[in-house]
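> Predicted coordinates and the sequence they were generated for:
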Amino acid sequence: MTTHTIPGISLATAHTGASAKANELGMRPMQARAYSHRGERYLLIKSPPASGKSRALMFIALDKLHNQGVTQAIIVVPERSIGGSFADEPLSKYGFWADWRVKPHWNMCNVPGADDVKVAKSKVKAVGEFLASGDPVLVCTHATFRFALAELGIEAFDGRLIAVDEFHHVSADPDNRLGALLGQLITRDKVHLVAMTGSYFRGDAVAVLTPEDEAKFTTVTYTYYEQLNGYEYLKTLDIAYSFYTGRYIDKINDLLDPMVKTIIHIPSVNSRESTKDKHREVEEIMDHLGKWIGPDPATGFHLIETAAGNTIKVADLVDDDPATRDRVSSALKSTEARTNRDHVDIIIALGMAKEGFDWIWCEHALTVGYRSSLTEIIQIIGRATRDAPGKTVARFTNLIAEPAAADDLVADAVNDTLKAIAASLLMEQVLAPRFEFTAKYVGPKEGFDYGPGGYREGEANVGVNEERGQFHFELKGLVEPTTPEAKRICQEDLNEVITSFIQDKQAIERGLFDPEVVPEELTVVRMGKIVRERYPELSDTDQEAVRQHAIAALNITQQAAKVISETASDDGTGELNANTSFVDGVRKFMNVRELDIDLIDHINPFDAAVAILAKAMNAGLLRQVQAAITARKTTLSEEEARAYAVRAVQWKRERGRAPDVTSQDPWERQLAEGVAAFARYRARAAANA
């Protein structure tokens, strides 16, 4: 059996301990930042797992209940396992002026099956009773709340705080019922709404909110970069992909260490990685770990004696017996699971232990098979990124079946490879600092460090605010946003735009597998199309500003990662250990030449990922895939031709001549071909008329 491991991201944290430091009110940095905006009627909190969103909401909700005239707070979570995050907390013990209390019968997540549709519908009556009770707090699932809104009416919730956890479950799609109902709440404008998420993008690339609704929210952003750099214990986060042939159950043994706290997500039985017998897969994984002794009667954990002679505890969340699984789940949610590192050692799951699952001791999230949603991968990685005593390294490994050269449709067979690399690109973006772009020579911004020589007039400048995890770049030729909405998108939503771009199948296929692709075809035309479709209400100027900001953020992140990879050391394990920080990588890339938007547009956004492919696939297979992708090139659509024609007009204005189809410059040739294609469409339309 052959195996290939892709060295992925390796983030070395600054290890400042700031994330865990509380102020006089008992608030960590993210919580204090969110609390400073507690007076906003509509508040969107974007913050990674383990940053303390649940407690941040407690602080905000208590202030709204006591000081802002809000009558009740309703906390809405996607599944009942997350409801435990909003259990009673003695906040006054740490300096706050009130404690968080939820009466047991108003935490509906504690009701067995509360996230089941039938049970959720029966809880609508209880929600009505809560609204009439005068009690301050209710916790329920998205499903329960959705049915309550539909049955009791939007107006029944007037004057209350609605707090939606894991807000990325909502969608602006009319078919998303919760999204439609929340839209009605926003239109009525009689509630306070706090939305919280660790990944404000969806796996299906549909917008979470409509632009009109989103414009009403004040956004509080706390980045992964800030969170991880501020940890007290965790020093390194590694993300890698491993490709295999044969059965995954044989390869997984090479990646499992019984002494490393691990969550294993086995594949869906419908995936090509599955052996179609999930119980047998669990048994084989446990056989690798050691000799089975028996179950622990109290927790339901399997006791296994390893080759080293010690006994480890394995939690099986794949078991179909409801009683057994509930006992195991309860043991994993117990106080001892949070406080005792040795409570459990390995967790094997299929559909559980993902979003909102809190096991701070997890050191390795090992996922078999590609997950259909990038959001799901981000959430799974979040299971391993909690800070905990004695935990210095966290790792995510995605084990994926390698495409076979013998497959009839090779291009289709590499879909999982494409998606894995897309997830890697997105994770690099999520882990990067926030970027603030301005046109050149605006001068230094307060709070930013511009390096040993400080800000230098007339030169390329990169400013860094380590505490806030922000970069300031000056880009020659940058189009600035002109409206408040466009400015908000450029400040807050670039990752959402980038997510849509890297999920664009044509863009990623051409960028990775077509050696003759013109970078501007991706950075200008494809990214431009995505921005126009996502923000049709923006002017041409603002759409271009968003496009430039998004592609600059993506390409600068990728080029910095490429610099880090090229200067990394190989420790002999096949994995890269970065010996330079992200900040150093950015500065090295910036120092090559003066940075302008034309240069950024001329970089293939998937350039760094092409090197990954060389490690993942043999040369023969790579050539076969390239041939299949190249053969699928199609003629330009009318919309694409129009986009090229518009760019050609700008090109002519800047250079005083039209693009030449015989030029040695591939982008100029592409523009000329686009103009010709658009002329043919116009002529055809005129003839038909």
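Received it, and whenever you're ready, just let me know what you need.
> List the contacts of the helix or strand Glu284 falls within.
Following DSSP states H and E, one finds Glu284 within helix 278-289. With C-beta atoms under 8 Å, 6 or more residues apart in numbering as the test, helix 278-289 has contacts from 249, 252-253, 256, 258, 264, 266, 269, 274-275, 292, 302, 304, 306, 312, 314, 316, 318-320, 346, 348, 350. All C-beta atoms are positioned from the backbone trio N, CA, C, and that covers glycine.
> From these, list just the buried residues.
249, 252, 256, 258, 264, 266, 274, 302, 304, 312, 314, 316, 318-319, 346, 348, 350 (16 or more other C-beta atoms under 10 Å).
> Tell me the gap between the helix holding Glu284 and the middle of its chain.
Using C-alpha atoms, centre = their mean, to the nearest Å, the mean C-alpha position of helix 278-289 is found 30 Å from that of the whole chain.
> Next SSE downstream of that helix?
Beyond helix 278-289 on the C-terminal side, the first helix or strand identified by DSSP H and E is strand 291-295.
> related to what we said a few turns ago, any buried residues in the helix holding Glu284, and which?
If you call a residue buried by 16+ other C-beta under 10 Å, then helix 278-289 has these buried ones: 278, 281-282, 284-286, 289.
> what is the orientation angle of it with strand 291-295?
Angle of helix 278-289 versus strand 291-295, following axes from the mean of the first three to the mean of the last three C-alpha atoms, to 10 degrees, is 120 degrees.
> what's the average pLDDT for helix 278-289?
For helix 278-289, the mean pLDDT works out to 92.
> and what of stretch 233-247?
Here stretch 233-247 scores 83 as its mean pLDDT.
> Show me the helices in the stretch 551-689 of the chain, by range?
Residue ranges of the helices in the stretch 551-689 of the chain, as given by DSSP state H, counting those that start in this stretch, are 582-590, 597-601, 607-616, 619-631, 638-655, 666-688.
> Over to the stretch 301-450 of the chain?
Counting by DSSP H, counting those that start in this stretch, the helices of the stretch 301-450 of the chain are 322-332, 335-339, 374-384, 410-413, 415-431.
> What count of nearby residues applies to the residue lying closest to Gln470 once chain neighbours are set aside?
Nearest residue to Gln470 in three dimensions, chain neighbours excluded: Arg434, at 4.8 Å (C-beta to C-beta, 6 or more residues apart in numbering). Residues contacting Arg434 under the criterion other C-beta atoms under 10 Å number 20.
> quick one: Arg434 and Gln491, what's the gap?
8 Å (C-beta to C-beta, to the nearest Å).
> For the chain, name the helix or strand with the lowest mean pLDDT.
Sorting the helices and strands of the chain by mean pLDDT, DSSP states H and E puts strand 576-577 at the bottom, at a mean of 42.
> check contacts around the nearest residue to Met58 once chain neighbours are set aside.
For Met58, ignoring the flanking residues on the chain, the nearest one in space by C-beta to C-beta, 6+ apart is Trp100 at 4.3 Å. Contacts for Trp100 (C-beta under 8 Å, 6+ apart) come out as 58, 61-62, 86, 88-89, 91, 137.
> What is the nearest of these to Tyr450?
Met58 (39.1 Å; C-beta to C-beta).
> pLDDT at that closest one, what is it?
Note on Met58: pLDDT of 97.
> and whichever strand or helix holds it, what does it pack onto?
Here Met58 sits within helix 53-67, counting by DSSP H and E. Helices and strands touching helix 53-67, by 3 or more C-beta pairs under 8 Å, 6 or more residues apart in numbering; DSSP states H and E, are helix 29-35, strand 42-46, strand 73-77, strand 161-164, strand 192-197.
> and that helix with strand 192-197, angle?
Comparing the axes of helix 53-67 and strand 192-197 via the same axes, to 10 degrees yields an angle of 170 degrees.
> Enumerate the positions of helix 53-67 that are buried.
Burial within helix 53-67, assessed by neighbour count using 16+ other C-beta under 10 Å, is assigned to 53-65.
> measure stretch 287-297 end to end?
Here the two ends of stretch 287-297 are set 20 Å apart, with distance taken as C-alpha to C-alpha, to the nearest Å.
> Could you check the pLDDT of the closest residue to Ile597 other than its chain neighbours?
Closest residue in space to Ile597, ignoring its immediate chain neighbours: Gly477 at 4.4 Å, by C-beta to C-beta, 6+ apart. For Gly477, the model assigns a pLDDT of 88.
> list the contacts for Gly477?
Contact partners of Gly477, counting by C-beta under 8 Å, 6+ apart, are 439, 596-598.
> Looking at the helices of the stretch 301-450 of the chain, which is nearest to Ser539?
With distances scored as C-beta to C-beta, the stretch of those nearest to Ser539 is helix 415-431 (26.1 Å).
> Quick one: mean pLDDT for the closest one?
Confidence for helix 415-431, expressed as mean pLDDT, is 75.
> how far does it sit from the chain's center?
Mean C-alpha position of helix 415-431 versus that of the full chain (C-alpha atoms, centre = their mean) differs by 10 Å.
> What residues sit buried inside it?
Buried residues in helix 415-431 (16+ other C-beta under 10 Å): 416-431.
> Next, the angle from that helix to helix 374-384.
Relative orientation of helix 415-431 versus helix 374-384 (the same axes, to 10 degrees): 60 degrees.
> And the next helix or strand past the helix or strand where Asp213 lies?
Secondary structure assignment for Asp213, by DSSP H and E: helix 211-214. Once helix 211-214 ends, the next helix or strand along the chain (criterion: DSSP H and E) is strand 218-221.
> Direction included, what does that next one pair against?
Here strand 218-221 has these sheet partners by DSSP bridges: strand 42-46 (parallel).
> tell me the average confidence for the partner strand?
Looking at strand 42-46 alone, the average pLDDT works out to 90.
> which residues are in contact with it?
Counting by C-beta under 8 Å, 6+ apart, the neighbours of strand 42-46 from elsewhere in the structure are 34, 37, 53, 56-57, 60, 167, 186, 192-198, 200, 214, 216-222, 492.
> how distant is it from the center of its chain?
Once both centres are worked out by C-alpha atoms, centre = their mean, strand 42-46 turns out to sit 16 Å from its chain's centre.
> can you check stretch 457-476 too?
Here the centre of mass of C-alpha atoms in stretch 457-476, compared against the chain's by C-alpha atoms, centre = their mean, lies 24 Å away.
> just use 723 as the starting number from now, easier for me
Understood, numbering begins at 723; the last thing we discussed is stretch 1179-1198.
> Not counting that stretch itself, show me its contacts.
Counting contacts by C-beta under 8 Å, 6+ apart, the residues touching stretch 1179-1198 from outside are 736, 740, 945, 947-948, 951, 1155-1164, 1166-1167, 1169-1173, 1177, 1270, 1274, 1278, 1305, 1308-1309, 1312-1313, 1315-1319, 1322.
> I'd like the helices of the stretch 1273-1411 of the chain as CSV, with mean neighbour count and distance to Ile804 appended.
Converted to CSV, these look like this (neighbours: other C-beta atoms under 10 Å; distance: least, C-beta to C-beta, whole Å):
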stretch, mean neighbour count, distance to Ile804
helix 1304-1312, 20, 31
helix 1319-1323, 19, 40
helix 1329-1338, 18, 33
helix 1341-1353, 16, 40
helix 1360-1377, 16, 42
helix 1388-1410, 16, 49
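> Next, the residues that contact stretch 951-959 from outside, please.
731-743, 751, 950, 1106-1107, 1109-1118, 1153, 1188, 1191.
> What subset of the residues you listed is buried?
A residue is treated as buried here by neighbour count (16+ other C-beta under 10 Å); on that basis the buried members of the contacts of stretch 951-959 are 731-737, 740-741, 751, 950, 1106-1107, 1109-1110, 1113, 1116-1118, 1153, 1188, 1191.
> pLDDT weak spots in the stretch 873-1022 of the chain?
Along the stretch 873-1022 of the chain, the model assigns pLDDT under 70 to residues 890-898, 921-933.
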